[in-house]
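Visitor: predicted model, plus sequence, below.
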Amino acid sequence: MPKSAFITGITGQDGSYLAELLLSKGYKVFGLVRRSSNTNLERISHIERDITLLQGDLLDQNSLANAIRHSQPDEIYNLAAQSFVATSWSQPELTGQFTALGVTRILEAIKTENPKIRFYQASSSEMFGSTPPPQSERTPFHPRSPYGVSKLYGHYATINYRESYDMFACSGILFNHESPRRGLEFVTRKVSNAAAQIKLGLLDKMKIGNLEAKRDWGFAGDYVRAMWMMLQADQPYDYVIATGISKSVRELVELAFKAVGLNYHDYVSVDPSLLRPAEVDYLCGDASYAEKHLGWKPAVSFE
Ligand code: NDP
Ligand code: GDR
(Lines give C-alpha, C1' and ligand atoms only; values in the text may rest on other atoms or scores of the structure.)
(Ligands and ions follow the chains in the order given, each with its own letter.)
Protein backbone atom coordinates (compact mmCIF):
# COMPACT_ATOMS: atom_id res chain seq x y z
CA MET A 1 0.00 0.00 0.00
CA PRO A 2 1.41 3.45 -0.88
CA LYS A 3 1.53 5.87 2.04
CA SER A 4 -0.84 8.78 2.04
CA ALA A 5 -0.33 12.33 3.29
CA PHE A 6 -2.61 15.26 3.97
CA ILE A 7 -1.16 18.78 3.64
CA THR A 8 -2.76 21.97 4.92
CA GLY A 9 -1.38 25.03 3.13
CA ILE A 10 -0.79 23.04 -0.07
CA THR A 11 -1.36 26.18 -2.17
CA GLY A 12 1.53 27.97 -0.43
CA GLN A 13 5.25 27.94 -1.17
CA ASP A 14 6.15 25.01 1.08
CA GLY A 15 2.97 23.06 0.37
CA SER A 16 3.76 22.99 -3.34
CA TYR A 17 7.34 21.74 -2.84
CA LEU A 18 6.26 19.20 -0.23
CA ALA A 19 3.51 17.84 -2.49
CA GLU A 20 6.08 17.38 -5.28
CA LEU A 21 8.47 15.60 -2.93
CA LEU A 22 5.81 13.24 -1.58
CA LEU A 23 4.53 12.42 -5.08
CA SER A 24 8.09 11.58 -6.12
CA LYS A 25 8.19 9.13 -3.20
CA GLY A 26 4.98 7.40 -4.33
CA TYR A 27 2.63 8.95 -1.76
CA LYS A 28 -1.03 9.58 -2.38
CA VAL A 29 -1.31 13.31 -1.66
CA PHE A 30 -4.35 15.18 -0.33
CA GLY A 31 -4.42 18.93 0.22
CA LEU A 32 -6.70 21.29 2.09
CA VAL A 33 -7.89 24.35 0.17
CA ARG A 34 -10.12 27.07 1.49
CA ARG A 35 -12.95 28.44 -0.54
CA SER A 36 -12.23 31.68 -2.38
CA SER A 37 -13.97 33.51 -5.21
CA ASN A 38 -10.82 33.21 -7.32
CA THR A 39 -8.77 30.07 -7.82
CA ASN A 40 -5.45 30.19 -6.11
CA LEU A 41 -3.70 27.12 -7.43
CA GLU A 42 -0.81 28.60 -9.45
CA ARG A 43 1.87 26.93 -7.36
CA ILE A 44 0.33 23.46 -7.78
CA SER A 45 -1.26 23.72 -11.23
CA HIS A 46 1.51 21.49 -12.69
CA ILE A 47 0.62 18.64 -10.26
CA GLU A 48 -3.09 19.29 -9.82
CA ARG A 49 -4.06 16.12 -11.66
CA ASP A 50 -1.86 13.98 -9.39
CA ILE A 51 -3.25 15.20 -6.06
CA THR A 52 -6.68 15.36 -4.42
CA LEU A 53 -7.87 18.72 -3.12
CA LEU A 54 -10.39 18.85 -0.27
CA GLN A 55 -12.25 21.96 0.78
CA GLY A 56 -11.84 23.10 4.36
CA ASP A 57 -10.48 25.78 6.60
CA LEU A 58 -8.29 25.90 9.69
CA LEU A 59 -11.03 28.03 11.23
CA ASP A 60 -13.58 25.24 10.87
CA GLN A 61 -13.09 22.19 13.08
CA ASN A 62 -15.66 20.08 11.29
CA SER A 63 -14.09 20.58 7.89
CA LEU A 64 -10.74 19.34 9.24
CA ALA A 65 -12.27 16.20 10.74
CA ASN A 66 -14.12 15.51 7.47
CA ALA A 67 -10.97 15.96 5.40
CA ILE A 68 -9.02 13.58 7.63
CA ARG A 69 -11.82 11.00 7.54
CA HIS A 70 -11.94 11.25 3.76
CA SER A 71 -8.20 11.03 3.15
CA GLN A 72 -7.23 8.49 5.87
CA PRO A 73 -3.65 9.77 5.87
CA ASP A 74 -0.58 8.20 7.46
CA GLU A 75 0.98 11.65 7.82
CA ILE A 76 -0.37 15.19 8.23
CA TYR A 77 1.70 18.30 7.52
CA ASN A 78 0.17 21.46 9.00
CA LEU A 79 1.65 24.22 6.84
CA ALA A 80 -1.37 26.53 6.71
CA ALA A 81 -1.01 29.83 8.54
CA GLN A 82 -1.30 33.58 8.24
CA SER A 83 2.43 33.56 7.54
CA PHE A 84 3.29 37.21 6.85
CA VAL A 85 4.80 38.69 10.02
CA ALA A 86 4.04 42.33 9.11
CA THR A 87 0.32 41.60 8.69
CA SER A 88 0.16 40.01 12.12
CA TRP A 89 0.22 43.48 13.74
CA SER A 90 -2.73 44.72 11.69
CA GLN A 91 -4.67 41.42 12.07
CA PRO A 92 -3.49 40.03 15.41
CA GLU A 93 -6.72 38.26 16.28
CA LEU A 94 -7.10 36.54 12.92
CA THR A 95 -3.43 35.55 13.04
CA GLY A 96 -4.09 33.90 16.40
CA GLN A 97 -7.17 32.13 15.06
CA PHE A 98 -5.31 30.62 12.06
CA THR A 99 -1.78 30.27 13.27
CA ALA A 100 -2.34 29.39 16.95
CA LEU A 101 -5.81 27.91 17.45
CA GLY A 102 -5.75 26.29 14.00
CA VAL A 103 -3.09 23.94 15.38
CA THR A 104 -5.30 22.88 18.29
CA ARG A 105 -8.17 22.29 15.86
CA ILE A 106 -6.14 19.98 13.69
CA LEU A 107 -4.59 18.16 16.66
CA GLU A 108 -8.06 17.60 18.11
CA ALA A 109 -9.29 16.29 14.75
CA ILE A 110 -6.36 13.84 14.63
CA LYS A 111 -6.94 12.72 18.22
CA THR A 112 -10.58 12.01 17.45
CA GLU A 113 -10.19 10.48 13.99
CA ASN A 114 -6.96 8.50 14.37
CA PRO A 115 -4.26 9.33 16.95
CA LYS A 116 -1.78 7.07 15.12
CA ILE A 117 -1.41 9.62 12.29
CA ARG A 118 2.04 11.22 12.30
CA PHE A 119 1.85 15.02 12.57
CA TYR A 120 4.22 17.77 11.44
CA GLN A 121 3.76 21.34 12.71
CA ALA A 122 5.38 24.27 10.88
CA SER A 123 7.04 26.11 13.75
CA SER A 124 9.26 29.11 13.11
CA SER A 125 12.53 30.81 14.01
CA GLU A 126 10.32 33.86 14.71
CA MET A 127 9.63 32.16 18.07
CA PHE A 128 13.22 32.99 19.10
CA GLY A 129 12.59 36.67 18.42
CA SER A 130 15.04 38.73 20.46
CA THR A 131 17.09 35.83 21.85
CA PRO A 132 20.57 36.18 20.34
CA PRO A 133 22.10 33.57 17.99
CA PRO A 134 23.08 30.86 17.48
CA GLN A 135 19.54 29.52 18.05
CA SER A 136 19.10 25.77 18.63
CA GLU A 137 16.47 23.46 20.16
CA ARG A 138 17.75 24.50 23.61
CA THR A 139 17.46 28.28 23.07
CA PRO A 140 14.79 30.14 25.06
CA PHE A 141 11.96 31.71 23.08
CA HIS A 142 11.10 35.41 23.07
CA PRO A 143 8.76 36.15 20.14
CA ARG A 144 8.43 39.74 18.90
CA SER A 145 5.20 39.75 16.87
CA PRO A 146 1.63 38.42 17.08
CA TYR A 147 2.77 35.91 14.45
CA GLY A 148 5.68 34.71 16.62
CA VAL A 149 3.46 34.49 19.68
CA SER A 150 0.88 32.47 17.71
CA LYS A 151 3.53 30.09 16.38
CA LEU A 152 4.79 29.54 19.92
CA TYR A 153 1.27 28.53 20.97
CA GLY A 154 1.13 26.03 18.09
CA HIS A 155 4.59 24.75 19.01
CA TYR A 156 3.66 24.04 22.61
CA ALA A 157 0.24 22.65 21.61
CA THR A 158 2.10 20.10 19.47
CA ILE A 159 4.43 19.17 22.34
CA ASN A 160 1.46 18.96 24.69
CA TYR A 161 -0.50 16.54 22.47
CA ARG A 162 2.64 14.43 22.11
CA GLU A 163 3.05 14.28 25.88
CA SER A 164 -0.65 13.99 26.79
CA TYR A 165 -1.81 11.46 24.20
CA ASP A 166 1.41 9.80 23.09
CA MET A 167 0.91 11.11 19.56
CA PHE A 168 3.72 11.17 16.97
CA ALA A 169 3.69 14.96 16.77
CA CYS A 170 6.80 16.93 15.73
CA SER A 171 7.62 20.56 15.14
CA GLY A 172 10.20 21.78 12.69
CA ILE A 173 11.58 25.12 13.86
CA LEU A 174 12.38 26.34 10.38
CA PHE A 175 14.42 29.43 9.63
CA ASN A 176 13.55 31.57 6.59
CA HIS A 177 13.44 29.61 3.36
CA GLU A 178 12.81 31.03 -0.04
CA SER A 179 12.26 30.12 -3.66
CA PRO A 180 10.88 31.45 -6.94
CA ARG A 181 7.48 30.48 -5.48
CA ARG A 182 7.81 32.76 -2.45
CA GLY A 183 5.02 35.34 -2.08
CA LEU A 184 5.96 38.76 -3.48
CA GLU A 185 5.47 40.51 -0.12
CA PHE A 186 8.41 38.68 1.50
CA VAL A 187 11.71 40.51 1.29
CA THR A 188 13.65 38.10 -0.96
CA ARG A 189 10.98 38.08 -3.68
CA LYS A 190 10.26 41.76 -3.26
CA VAL A 191 13.94 42.61 -3.79
CA SER A 192 14.67 40.16 -6.61
CA ASN A 193 11.47 41.17 -8.40
CA ALA A 194 12.22 44.89 -8.05
CA ALA A 195 15.82 44.46 -9.24
CA ALA A 196 14.57 42.63 -12.34
CA GLN A 197 11.85 45.21 -13.04
CA ILE A 198 14.26 48.13 -12.62
CA LYS A 199 16.74 46.45 -14.96
CA LEU A 200 13.98 46.06 -17.56
CA GLY A 201 12.89 49.68 -17.18
CA LEU A 202 9.51 48.72 -15.70
CA LEU A 203 10.14 50.31 -12.29
CA ASP A 204 12.16 53.34 -11.14
CA LYS A 205 12.81 52.83 -7.45
CA MET A 206 12.27 50.41 -4.58
CA LYS A 207 11.30 51.32 -1.02
CA ILE A 208 12.52 49.04 1.75
CA GLY A 209 12.24 48.72 5.54
CA ASN A 210 15.00 47.67 7.94
CA LEU A 211 18.19 47.01 5.97
CA GLU A 212 20.15 45.85 9.02
CA ALA A 213 17.97 42.87 10.07
CA LYS A 214 19.85 39.60 9.65
CA ARG A 215 18.30 36.33 8.57
CA ASP A 216 19.47 32.75 8.00
CA TRP A 217 18.06 32.16 4.50
CA GLY A 218 17.80 28.71 2.90
CA PHE A 219 15.96 27.10 -0.02
CA ALA A 220 12.39 25.83 0.44
CA GLY A 221 13.09 22.60 -1.49
CA ASP A 222 15.76 21.62 1.06
CA TYR A 223 13.48 22.46 3.98
CA VAL A 224 10.46 20.37 2.93
CA ARG A 225 12.85 17.40 2.74
CA ALA A 226 13.55 17.97 6.45
CA MET A 227 9.81 17.96 7.24
CA TRP A 228 9.42 14.56 5.62
CA MET A 229 12.54 13.19 7.37
CA MET A 230 11.14 14.21 10.78
CA LEU A 231 8.07 12.06 10.25
CA GLN A 232 10.18 9.03 9.19
CA ALA A 233 12.25 9.06 12.41
CA ASP A 234 11.81 6.41 15.12
CA GLN A 235 10.72 8.94 17.74
CA PRO A 236 8.92 12.29 17.46
CA TYR A 237 11.09 15.27 18.28
CA ASP A 238 11.41 18.98 17.46
CA TYR A 239 14.24 20.10 15.20
CA VAL A 240 15.85 23.39 14.20
CA ILE A 241 16.31 23.57 10.42
CA ALA A 242 18.70 26.27 9.20
CA THR A 243 21.83 26.85 7.13
CA GLY A 244 23.94 28.34 9.95
CA ILE A 245 24.80 31.35 7.77
CA SER A 246 23.20 34.73 8.35
CA LYS A 247 23.10 37.75 6.02
CA SER A 248 21.62 41.21 6.39
CA VAL A 249 18.79 42.55 4.24
CA ARG A 250 21.38 45.07 2.97
CA GLU A 251 23.63 42.22 1.76
CA LEU A 252 20.62 40.62 0.04
CA VAL A 253 19.76 43.90 -1.73
CA GLU A 254 23.37 44.48 -2.77
CA LEU A 255 23.68 40.96 -4.19
CA ALA A 256 20.37 41.08 -6.09
CA PHE A 257 21.12 44.42 -7.74
CA LYS A 258 24.69 43.38 -8.52
CA ALA A 259 23.36 40.25 -10.24
CA VAL A 260 21.72 42.49 -12.86
CA GLY A 261 24.68 44.89 -13.04
CA LEU A 262 23.15 47.71 -10.92
CA ASN A 263 24.32 49.62 -7.84
CA TYR A 264 21.52 49.48 -5.26
CA HIS A 265 22.42 52.92 -3.83
CA ASP A 266 20.98 54.47 -7.02
CA TYR A 267 17.55 52.83 -6.65
CA VAL A 268 16.78 51.84 -3.06
CA SER A 269 15.55 54.08 -0.24
CA VAL A 270 14.35 53.34 3.27
CA ASP A 271 10.66 53.98 3.94
CA PRO A 272 10.03 54.28 7.70
CA SER A 273 6.44 53.06 7.21
CA LEU A 274 7.90 49.64 6.34
CA LEU A 275 9.66 49.32 9.71
CA ARG A 276 7.96 46.89 12.11
CA PRO A 277 6.72 47.84 15.61
CA ALA A 278 9.22 45.31 17.02
CA GLU A 279 11.95 43.74 14.91
CA VAL A 280 13.72 40.40 15.10
CA ASP A 281 17.26 41.65 14.60
CA TYR A 282 19.43 38.61 14.21
CA LEU A 283 18.60 34.99 13.41
CA CYS A 284 21.22 32.34 12.75
CA GLY A 285 20.28 28.71 13.37
CA ASP A 286 22.27 25.77 14.64
CA ALA A 287 20.85 22.70 12.86
CA SER A 288 23.50 20.26 14.12
CA TYR A 289 20.89 18.13 15.92
CA ALA A 290 18.97 17.58 12.66
CA GLU A 291 22.20 16.76 10.86
CA LYS A 292 23.19 14.21 13.51
CA HIS A 293 19.81 12.52 14.03
CA LEU A 294 18.13 12.87 10.63
CA GLY A 295 21.15 13.20 8.36
CA TRP A 296 19.68 16.47 7.03
CA LYS A 297 21.89 19.11 5.43
CA PRO A 298 20.96 22.00 3.14
CA ALA A 299 22.15 21.71 -0.47
CA VAL A 300 21.47 25.26 -1.71
CA SER A 301 23.45 28.27 -0.41
CA PHE A 302 22.29 31.85 0.10
CA GLU A 303 24.00 33.01 -3.11
P1 NDP B 1 2.56 30.66 2.51
O2 NDP B 1 2.07 31.95 3.04
O3 NDP B 1 3.17 30.59 1.16
O4 NDP B 1 1.35 29.59 2.53
C5 NDP B 1 0.40 29.59 3.56
C6 NDP B 1 -0.68 28.57 3.23
O7 NDP B 1 -1.65 28.56 4.29
C8 NDP B 1 -1.46 28.87 1.94
O9 NDP B 1 -1.70 27.67 1.28
C10 NDP B 1 -2.77 29.45 2.49
O11 NDP B 1 -3.87 29.27 1.64
C12 NDP B 1 -2.94 28.58 3.72
N13 NDP B 1 -3.91 29.11 4.68
C14 NDP B 1 -3.86 30.31 5.32
N15 NDP B 1 -4.90 30.43 6.13
C16 NDP B 1 -5.65 29.29 6.03
C17 NDP B 1 -6.86 28.83 6.61
N18 NDP B 1 -7.53 29.54 7.50
N19 NDP B 1 -7.31 27.60 6.27
C20 NDP B 1 -6.64 26.85 5.38
N21 NDP B 1 -5.50 27.24 4.78
C22 NDP B 1 -5.02 28.45 5.10
O23 NDP B 1 3.56 30.06 3.61
P24 NDP B 1 4.89 29.16 3.42
O25 NDP B 1 4.62 28.09 2.46
O26 NDP B 1 6.06 30.05 3.24
O27 NDP B 1 5.05 28.56 4.89
C28 NDP B 1 4.41 27.34 5.27
C29 NDP B 1 4.29 27.29 6.77
O30 NDP B 1 5.57 27.33 7.36
C31 NDP B 1 3.50 28.45 7.41
O32 NDP B 1 2.83 27.94 8.54
C33 NDP B 1 4.59 29.41 7.86
O34 NDP B 1 4.14 30.21 8.92
C35 NDP B 1 5.66 28.43 8.28
N36 NDP B 1 7.03 28.90 8.18
C37 NDP B 1 7.51 29.38 7.00
C38 NDP B 1 8.82 29.74 6.88
C39 NDP B 1 9.37 30.29 5.61
O40 NDP B 1 10.46 30.86 5.64
N41 NDP B 1 8.70 30.12 4.48
C42 NDP B 1 9.75 29.58 8.02
C43 NDP B 1 9.15 29.02 9.21
C44 NDP B 1 7.84 28.68 9.27
P45 NDP B 1 -4.30 30.37 0.54
O46 NDP B 1 -3.50 30.02 -0.68
O47 NDP B 1 -5.76 30.13 0.42
O48 NDP B 1 -3.94 31.72 1.10
P1 GDR C 1 10.17 37.24 8.05
O2 GDR C 1 10.28 37.44 6.46
O3 GDR C 1 9.47 38.36 8.70
O4 GDR C 1 11.56 36.91 8.54
O5 GDR C 1 9.23 35.97 8.15
P6 GDR C 1 10.27 38.76 5.55
O7 GDR C 1 10.86 38.37 4.27
O8 GDR C 1 8.93 39.40 5.53
O9 GDR C 1 11.24 39.77 6.36
C10 GDR C 1 12.61 39.48 6.56
C11 GDR C 1 13.32 40.69 7.12
O12 GDR C 1 13.39 41.71 6.12
C13 GDR C 1 13.03 42.95 6.71
N14 GDR C 1 12.53 43.88 5.69
C15 GDR C 1 11.43 43.69 4.93
N16 GDR C 1 10.55 42.68 4.87
C17 GDR C 1 9.55 42.78 3.96
N18 GDR C 1 8.68 41.77 3.86
N19 GDR C 1 9.40 43.86 3.14
C20 GDR C 1 10.27 44.92 3.19
O21 GDR C 1 10.12 45.89 2.45
C22 GDR C 1 11.34 44.83 4.12
N23 GDR C 1 12.37 45.65 4.42
C24 GDR C 1 13.08 45.06 5.37
C25 GDR C 1 11.99 42.58 7.76
O26 GDR C 1 11.81 43.65 8.69
C27 GDR C 1 12.62 41.33 8.34
O28 GDR C 1 13.58 41.68 9.29
C29 GDR C 1 9.37 34.85 7.28
C30 GDR C 1 7.96 34.26 7.07
O31 GDR C 1 8.05 33.26 6.08
C32 GDR C 1 7.45 33.65 8.35
O33 GDR C 1 6.22 32.96 8.08
C34 GDR C 1 8.49 32.65 8.87
O35 GDR C 1 8.05 32.07 10.07
C36 GDR C 1 9.82 33.36 9.08
O37 GDR C 1 10.25 33.90 7.84
C38 GDR C 1 10.91 32.42 9.58
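Guide: Looks like it arrived, so ask away. Ligands and ions are numbered 1, 2, ... in the order given.

Visitor: pLDDT of the host helix or strand of Leu252, averaged?
Guide: Per DSSP states H and E, Leu252 falls inside helix 249-259. In this model, helix 249-259 has an average pLDDT of 98.

Visitor: packing partners for that helix?
Guide: helix 187-199 (3 or more CB pairs under 8 Å, 6 or more residues apart in numbering; DSSP states H and E). All C-beta atoms are positioned from the backbone trio N, CA, C, and that covers glycine.

Visitor: now do the helices in the protein.
Guide: All helices of the chain, identified by DSSP state H, fall at 13-24, 61-71, 87-90, 92-95, 102-113, 146-165, 187-199, 220-232, 249-259, 288-294.

Visitor: reformat those as a markdown table; add distance to Lys214 and mean neighbour count.
Guide: Shown next, in a markdown table, are these (distance: least, CB to CB, whole Å; neighbours: other CB atoms under 10 Å):
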| stretch | distance to Lys214 | mean neighbour count |
| --- | --- | --- |
| helix 13-24 | 21 | 21 |
| helix 61-71 | 37 | 19 |
| helix 87-90 | 20 | 16 |
| helix 92-95 | 24 | 16 |
| helix 102-113 | 28 | 22 |
| helix 146-165 | 16 | 20 |
| helix 187-199 | 12 | 19 |
| helix 220-232 | 19 | 21 |
| helix 249-259 | 8 | 18 |
| helix 288-294 | 20 | 16 |
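
Visitor: between the ones you listed, which gets nearest to Gly172?
Guide: helix 220-232 (5.5 Å; CB to CB).

Visitor: what is the closest one packed up against?
Guide: On a contact count with 3+ CB pairs under 8 Å, 6+ apart, helix 220-232 meets helix 13-24, strand 75-78, strand 118-124, strand 169-174, strand 177-178, strand 239-241, helix 288-294.

Visitor: make JSON lines out of these and add distance to Phe219.
Guide: Below are those laid out as JSON lines (distance: least, CB to CB, whole Å):
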{"stretch": "helix 13-24", "distance to Phe219": "9"}
{"stretch": "strand 75-78", "distance to Phe219": "18"}
{"stretch": "strand 118-124", "distance to Phe219": "16"}
{"stretch": "strand 169-174", "distance to Phe219": "12"}
{"stretch": "strand 177-178", "distance to Phe219": "6"}
{"stretch": "strand 239-241", "distance to Phe219": "11"}
{"stretch": "helix 288-294", "distance to Phe219": "15"}
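
Visitor: quick check: buried residues in stretch 24-36?
Guide: Tyr27, Lys28, Val29, Phe30, Gly31, Leu32, Val33, Arg34 (16 or more other CB atoms under 10 Å).

Visitor: the residues you listed: which ones sit near ligand 1?
Guide: When contact is defined as CB under 6 Å from any ligand atom, the buried residues of stretch 24-36 meet ligand 1 at Leu32, Arg34.

Visitor: how much space separates His293 from Ile241?
Guide: 12 Å (CB to CB, to the nearest Å).

Visitor: now Met127
Guide: 13 Å.

Visitor: now list whatever residues contact both of the two.
Guide: Listed as contacting both Met127 and Ile241 by CB atoms under 8 Å, 6 or more residues apart in numbering are Ile173.

Visitor: need the residues of the protein near ligand 1, please.
Guide: Going by CB under 6 Å from any ligand atom, the residues of the chain near ligand 1 are 8-9, 11-15, 32, 34, 40, 57-59, 79-83, 98, 122, 124, 174, 176-177, 183.

Visitor: low-confidence ranges in the stretch 1-150 of the chain?
Guide: Residue ranges of the stretch 1-150 of the chain with pLDDT under 70: none are present.
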